[in-house]
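Asks: sequence and predicted model, in that order:
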Amino acid sequence: MKITLIIPCFNESGILSKTICTLEQIMHEVADYSLLFVDDGSTDDSWELLTKAGQQNPKISAIRLSRNYGKEAALCAGLEQAEGDAVIILDSDLQHPPELIPEMINLWKQGYDVVEGVKKSRGKESLFSKLSAKIFYGLFKKFSGNSLDNASDFKLLDRKVVLAWRQFKERDTFFRGLSAWMGFKRIVIPFVVQDREGGESKWSFRKLLRLSISAITGFSAKPLLIVPLLTFILSIFFLVLAVQTLINWCSGRAVEGFTTVILLVLLIGSAIMISLSMIALYIANIFNEIKGRPRYLVSEQLNLPDKEQ
């Protein structure tokens, strides 16, 4: 039995040494293991630290991506390289408590294919971040039918789940959503998000917004239904307005209304722009997928056999 831990990282040199030490201590007492770090194009000395650690401990391997592709691509790189009987994914900043790893492994031994870490508390997040997460998960559940309330990337996946994951061909992935969509026998384990041991979050508002749009449009076509819904509502409104105008004209009370014309132009223009925006998002997704570019490119590997991407 071998457990592979996948740890994506980006500019985390300040905490990597402690992360490695903590994971080595825990895994040494639990099972045969390997630590697979995915350096997502760090610009600090993260790769140098990983190289030194890998030279000291052959159980540590690493992949260096050619640039910063984002966490989703880094997760894909790790899942495509991992060779353990089970895989555990956790963040490099120790906000996912490594102390829960033995419990996750025990649940896996009991027959569960997926052990999901679900946030009991989101830790020290701003009110804006908490509100944004609540809105996103609410919209995702409404559009896709999958509930991801307080979900995280902190998961254990059985080997067969990893092999099933590798069948996905789309370039733009959303790990939490896809892992929920896959099914398999799963169990939830709650955890409290720990304070960051060092550094700061790499998630900017732009990155979060992009991930949210990608996740929703990648899992459901329901937003497109807004277009015919707007058309129906506007058609009813125009019909009522036409009847009212005709009655006023027949009764000799017709008055040219500049305000009414302006409001109608704004209403129609807004409906058209909303509809075009929805369609554009899906066309952009189609465009990105049909180009067939790889999710990521690897520039260097450490303690790993060469594998064609």
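Replies: Yep, it's here.
Asks: dump the C-alpha coordinates for stretch 17-26 into CSV.
Replies: Provided in CSV are the C-alpha atoms of stretch 17-26 (Å, rounded to 0.1, in the frame of the first residue of the first chain):
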residue,chain,number,x,y,z
SER,A,17,10.4,23.4,4.4
LYS,A,18,8.0,23.2,7.3
THR,A,19,5.4,21.6,5.1
ILE,A,20,7.8,18.9,4.0
CYS,A,21,9.0,18.2,7.5
THR,A,22,5.4,18.0,8.8
LEU,A,23,4.3,15.6,6.1
GLU,A,24,7.4,13.4,6.5
GLN,A,25,6.8,13.0,10.2
ILE,A,26,3.1,12.1,9.8
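Asks: would you indicate which residues of it are buried?
Replies: Residues of stretch 17-26 classed as buried: Thr19, Ile20, Thr22, Leu23, Ile26 (neighbour count, 16 or more other Cβ atoms under 10 Å). C-beta coordinates here come from the backbone N, C-alpha and C atoms, glycine included.
Asks: of those, which belong to helices?
Replies: Among these, the members falling in helices (DSSP state H) are Thr19, Ile20, Thr22, Leu23, Ile26.
Asks: of the buried residues of stretch 17-26, closest to Ser42?
Replies: Of all those, Ser42 sits closest to Thr19, with 13.7 Å by Cβ to Cβ.
Asks: residue contacts, the nearest residue to that closest one once chain neighbours are set aside?
Replies: If the residues on either side of it in the chain are set aside, Thr19 comes closest to Ser92, at 5.3 Å by Cβ to Cβ, 6 or more residues apart in numbering. Going by Cβ atoms under 8 Å, 6 or more residues apart in numbering, Ser92 touches Ile7, Pro8, Cys9, Glu12, Ile15, Leu16, Thr19, Phe37.
Asks: wait, a strand at Ser92?
Replies: No: counting by DSSP: H, G, I helix; E, B strand; the rest coil, Ser92 is not part of a strand but coil.
Asks: need the per-residue pLDDT for it.
Replies: Looking at Ser92, its pLDDT is 84.
Asks: oh, and call the first residue 864 from now on, that's how I've got it
Replies: Okay, residue one is now 864; in that scheme the one you just asked about reads as Ser955.
Asks: how near is it to Val901?
Replies: According to Cβ to Cβ, to the nearest Å, Ser955 and Val901 sit 9 Å apart.
Asks: overlap in contacts, those two.
Replies: With Cβ under 8 Å, 6+ apart as the test, Ser955 and Val901 both reach Ile870, Pro871, Cys872.
Asks: nearest to Ile1131, of these?
Replies: Nearest to Ile1131 among the shared contacts of Ser955 and Val901, with distances taken as Cβ to Cβ, is Pro871, at 46.2 Å.
Asks: surely that closest one is within a strand?
Replies: Yes: counting by three-state DSSP, one finds Pro871 located in a strand.
Asks: tell me which element the closest residue to it other than its chain neighbours is part of?
Replies: Counting by Cβ to Cβ, 6+ apart, Pro871 lies nearest to Ala937, which is 3.8 Å off, once chain neighbours are set aside. Using DSSP states H and E, Ala937 sits in helix 934-944.
Asks: which helices and strands does that helix pack with?
Replies: With contacts defined as 3 or more Cβ pairs under 8 Å, 6 or more residues apart in numbering; DSSP states H and E, helix 934-944 has these neighbours: strand 865-872, strand 895-902, strand 923-928, strand 949-952, strand 1014-1021.
Asks: using PDB, write out every CA atom in the first one.
Replies: Spelled out, it's strand 865-872. The C-alpha coordinates for strand 865-872 follow below in PDB (Å, rounded to 0.1, in the frame of the first residue of the first chain):
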ATOM      1  CA  LYS A 865       1.400   3.300  -1.100                       C
ATOM      2  CA  ILE A 866       0.000   6.800  -0.600                       C
ATOM      3  CA  THR A 867       0.900   9.700  -2.900                       C
ATOM      4  CA  LEU A 868       0.400  13.200  -1.600                       C
ATOM      5  CA  ILE A 869      -0.100  15.800  -4.300                       C
ATOM      6  CA  ILE A 870       0.900  19.300  -3.100                       C
ATOM      7  CA  PRO A 871       0.500  22.200  -5.600                       C
ATOM      8  CA  CYS A 872       2.500  25.300  -4.800                       C
END
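Asks: great, nothing more from me.
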